[in-house]
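Q: Predicted model and sequence follow; I will ask about them next.
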Amino acid sequence: MLSGGEALFRGLAAARVRRAWSFPGAPLTRLELLLESKGGVVHRFCVSEHVAVSMALGGALLAGNASCALFQHVGCNVALDALATFGMVSELRSAALLVEGVDPEPKWSQNAQDNRAALASVAHLAQFEPSAPDEIYHFIRLSALASARSNMPVAVRVSARGLDAKAELVEPPPELPSPGPSFARGGGPYVCTAASFRYHADKRARRLAAREPLLGALASQSGADGAQAVILAGPLGAVAQARAWSRRLPVLRLAASWPLPRQRLLDFLRERESVLVLEEGEPFLERELAAFVHREGLTCRVRGAGGARPAVLDGDRIEALLGRFGGRVRADSDPEVRSPADWSAAYQSAAALGSDDGEPWPLWFSRSRGALAAFAPTDPRLTLLRALRGLERPTMIVADPGSTGELGIRDRLIDVKMHMGSAAPIAGALADAVELEEQAGAGAPLAVALIGDTNHYHSELNAVIDNAIARREVLHVLVVNRRSEMTAGARTPYLPDEALEAQLRSAGLHVATAMLDDPGLGAAVAYAASRLGPRALVCYSPPQRDHRDPDPTDSDG
């Protein structure tokens, strides 16, 4: 007998997930400690959920480096900046799973927030919802397969109900070991900018639509005929499904809260007069189904629990809701369950997902590259980036969204640029993968985090400290010009130069400094790159002649 937590661990290992990052929080803490104590998946606690999610997504930019981030439902608030930008990018080269621990009562958290709407509308993430140990195991493997096939992250929402349950599990044969992680720059940097966001959003919509056969195959149905029917959210499980079926009500239990399986729902809802939606948390599924019924021109009425939303739907609450809805109790209450053939069909659907829809990213970047801004020929930051790219040791340069990173895109002087606070954690994830493969040495790529001073204080600092604590082989290059060039030149709070350097040293980084206009800048870059462990090169800009109050007519970024 396996618990749901043990099944999740085995699912991650069977899915060939190599790295997992998390910030502790129930109901996932026991699983995270299980990952710490067992082999197969290398796990590390991070200083925040933002760092954990950024590292998981960044690690998946490497081929053969499937990754996972685990966080409690309130941790979504901290991680949302990463999810809203990097989570929208469908250019990953390996699977990336985002496992959310749901606490609907709440029992361990300060609130009972429901993140389904945010993950759907902001991050456009597919969200699987297993309930029992066998489902948790298979959904993890299926999600990893679907993520790898479609190059986009997938969310899996689990609750204490499923993690604490116990059941027998027959595991399929293990898959062959994955190849070692490798990084390829491809036809252009992996970036998300204002100019490219629509490209990413359109590609995500197409890939979510292509997932419909898999979502339909995973939905579990009991019965077919009847004017009244019940639709269950996945986490309520087979027990809730059996209770509804015992009243002779056709039941469809969804495997994912979003997106909805269009054809399966059309087949189920056609000719119905009313449908009762049972879910925990906010009436997210109820609203989505009501909109679906209207959009598809169906006539059935969509009903929910009504009144104040219950914290959890226990057996008595479900019976009361079903009793008001209707149906006669029957003796035969065994619902239809997923058979080995059902799981086999689901794996085939996931394996059939493709990633060759629309214009490939390298072609889009090549076509759009000419319109991108670039450094002026005399800009000293151009010298800095060329020195980094010209190092004897190959580099993987990850920039934050500031002006330096933006201007480096056109000429391929950077490799990755995503969300605020992404440079240090993504570089850390790339360095972790190099270490995992024991490739450290002269020929192994050096991970470089290119950080502006505004973003260092705003959102990079946590990950810089995390890299220092973990002793990751990352070169942090801080460009200090004491103003935010992406926001009308506004001047945000800064530490004095000596205090900034002391801060970095106290965190455990080897610190070197240089002036951007110094003829010896290349030598300073080579020196910093030659150090071992986490290090920082702080590059100070010469005094700005245009330091002034920002023009109120200037636009932001």
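A: Yep, it's here. Numbering: from 1, shown residues only.

Q: where along the stretch 251-400 of the chain do the strands fall?
A: Counting by DSSP state E, counting those that start in this stretch, one finds strands in the stretch 251-400 of the chain at the ranges 251-253, 256-258, 274-278, 301-303, 395-399.

Q: Identify each buried residue in the third one, please.
A: So that's strand 274-278. Of all the residues in strand 274-278, those buried under the rule 16 or more other CB atoms under 10 Å are Val275, Leu276, Val277, Leu278. From N, CA and C alone the C-beta is placed, and that goes for glycine too.

Q: Secondary structure element holding Glu171?
A: Under the criterion DSSP states H and E, no helix or strand holds Glu171.

Q: which residues touch it?
A: Neighbouring residues of Glu171 by CB atoms under 8 Å, 6 or more residues apart in numbering: Arg10, Ala14, Tyr137.

Q: what sits against Pro445?
A: So Pro445 contacts Phe183, Arg393, Pro394, Thr395, Met396, Leu430, Val434 (CB under 8 Å, 6+ apart).

Q: Which of those fall in helices?
A: Leu430, Val434 (DSSP state H).

Q: I'd like the strands of the stretch 251-400 of the chain written out as CSV, with mean pLDDT and distance to Leu478 added.
A: As requested, those are exported to CSV (pLDDT from 0 to 100; distance: least, CB to CB, whole Å):
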stretch, mean pLDDT, distance to Leu478
strand 251-253, 93, 51
strand 256-258, 95, 39
strand 274-278, 95, 51
strand 301-303, 95, 54
strand 395-399, 95, 12
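
Q: Serialize the ones you listed to JSON lines and add fields for distance to Ser54.
A: Below are those laid out as JSON lines (distance: least, CB to CB, whole Å):
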{"stretch": "strand 251-253", "distance to Ser54": "34"}
{"stretch": "strand 256-258", "distance to Ser54": "23"}
{"stretch": "strand 274-278", "distance to Ser54": "35"}
{"stretch": "strand 301-303", "distance to Ser54": "38"}
{"stretch": "strand 395-399", "distance to Ser54": "10"}
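
Q: So which of those strands is nearest Gln72?
A: For Gln72, the closest of the strands of the stretch 251-400 of the chain is strand 256-258, at 17.6 Å, according to CB to CB.

Q: ok, that closest one: who's next to it in the sheet?
A: Here strand 256-258 is paired, per DSSP bridges, with strand 127-128 (antiparallel).

Q: State the separation between the partner strand and the centre of the chain it belongs to.
A: Between the centre of strand 127-128 and the centre of its chain there are 12 Å (CA atoms, centre = their mean, to the nearest Å).

Q: just stretch 86-106 next, same as before
A: So, by CA atoms, centre = their mean, the centroid of stretch 86-106 is 4 Å from its chain's centroid.

Q: Out of the contacts of Pro445, grab the one that's most surrounded.
A: Among the contacts of Pro445, Leu430 has the most neighbours (other CB atoms under 10 Å), with 30 neighbours.

Q: Give me the phi and psi for the nearest residue in space to it that is not next to it in sequence.
A: Nearest residue to Leu430, sequence neighbours excluded (CB to CB, 6 or more residues apart in numbering): Ala447, at 4.3 Å. Backbone torsions of Ala447, given as degrees, to the nearest 10, read phi -80, psi 130.

Q: Ala447: neighbouring residues, count only.
A: Ala447 has 30 nearby residues by other CB under 10 Å.

Q: Quick check: bridge partners of it?
A: Met396, Val474.

Q: unless I'm mixing things up, it is touching Leu388, no?
A: No. Using CB atoms under 8 Å, Ala447 is not in contact with Leu388, being 11.4 Å away.

Q: shared neighbours, those two?
A: Joint contacts of Ala447 and Leu388 (CB under 8 Å, 6+ apart) are Thr395.

Q: Out of the strands of the stretch 251-400 of the chain, the one nearest Ala291 is which?
A: When the strands of the stretch 251-400 of the chain are compared by CB to CB, strand 301-303 sits nearest Ala291, at 9.2 Å.

Q: May I have the distance across stretch 399-407, first residue to last?
A: End-to-end distance for stretch 399-407, by CA to CA, to the nearest Å: 10 Å.

Q: quick one: it to chain centroid distance?
A: That offset, for stretch 399-407, works out to 22 Å (CA atoms, centre = their mean).

Q: Not counting its own residues, what contacts that stretch?
A: 193, 373-375, 379, 381, 385, 408, 414, 416-423, 449-452, 454-455, 459-460, 479, 484-486.

Q: From the residues you listed, which land in strands?
A: Val416, Lys417, Ala449, Leu450, Ile451, Gly452, Val479 (DSSP state E).

Q: these two touch, right, Glu282 and Arg116?
A: Yes. At 7.5 Å, Glu282 counts as touching Arg116 under the criterion of CB under 8 Å.

Q: gap between Arg287 and Arg198?
A: 26 Å (CB to CB, to the nearest Å).

Q: okay, the two: which has more neighbours?
A: More crowded of Arg287 and Arg198, by other CB under 10 Å: Arg287, with 14 against 9.

Q: Can you give me the pLDDT of that one?
A: pLDDT for Arg287: 95.

Q: and what of Arg309?
A: Arg309 is given a pLDDT of 67.

Q: quick one: Ala146 and Phe139, what's the gap?
A: With CB to CB as the criterion, Ala146 and Phe139 are 10 Å apart.

Q: give the contact list for the closest residue to Gly421 other than its chain neighbours.
A: Using CB to CB, 6+ apart and skipping the chain neighbours, the partner closest in space to Gly421 is Ser459 (2.9 Å). By CB under 8 Å, 6+ apart, the contact set of Ser459 is His50, Asp81, Asp400, Met420, Gly421.

Q: Can you tell me which of the residues you listed has the most neighbours?
A: Most neighbours among these, by other CB under 10 Å: Asp400, with 30 neighbours.

Q: and it, what are its phi and psi?
A: Dihedral angles of Asp400 (phi, psi; degrees, to the nearest 10) stand at phi -80, psi 180.

Q: Just give me how far stretch 41-48 sits from the chain centre.
A: 15 Å.

Q: can I see the domain layout of the protein?
A: The record's domain parsing of the chain by automatic domain parsing lists 2-182+196-211, 217-342, 372-540.

Q: can you give me how far the last one is from the chain middle?
A: What that stands for is domain 372-540. Relative to the chain's own centre, domain 372-540 is displaced by 23 Å; criterion: CA atoms, centre = their mean.

Q: cool, and the second one?
A: Put simply, domain 217-342 sits 28 Å off its chain's centre (CA atoms, centre = their mean).

Q: At which residues are the helices of the stretch 201-350 of the chain located?
A: In the stretch 201-350 of the chain, the segments counted as helices under DSSP state H, counting those that start in this stretch are 212-218, 237-245, 262-269, 284-296, 315-325, 340-351.

Q: want to try CSV for these, with distance to Asp466 as columns?
A: Converted to CSV, the helices of the stretch 201-350 of the chain look like this (distance: least, CB to CB, whole Å):
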stretch, distance to Asp466
helix 212-218, 35
helix 237-245, 37
helix 262-269, 41
helix 284-296, 33
helix 315-325, 42
helix 340-351, 33
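
Q: of all the ones you listed, which lies closest to Pro519?
A: Closest approach to Pro519 among the helices of the stretch 201-350 of the chain (CB to CB): helix 340-351, 56.1 Å.

Q: Okay, buried residues for the closest one please.
A: Applying 16+ other CB under 10 Å to helix 340-351 flags Trp343, Ala345, Ala346, Tyr347, Ser349, Ala350 as buried.
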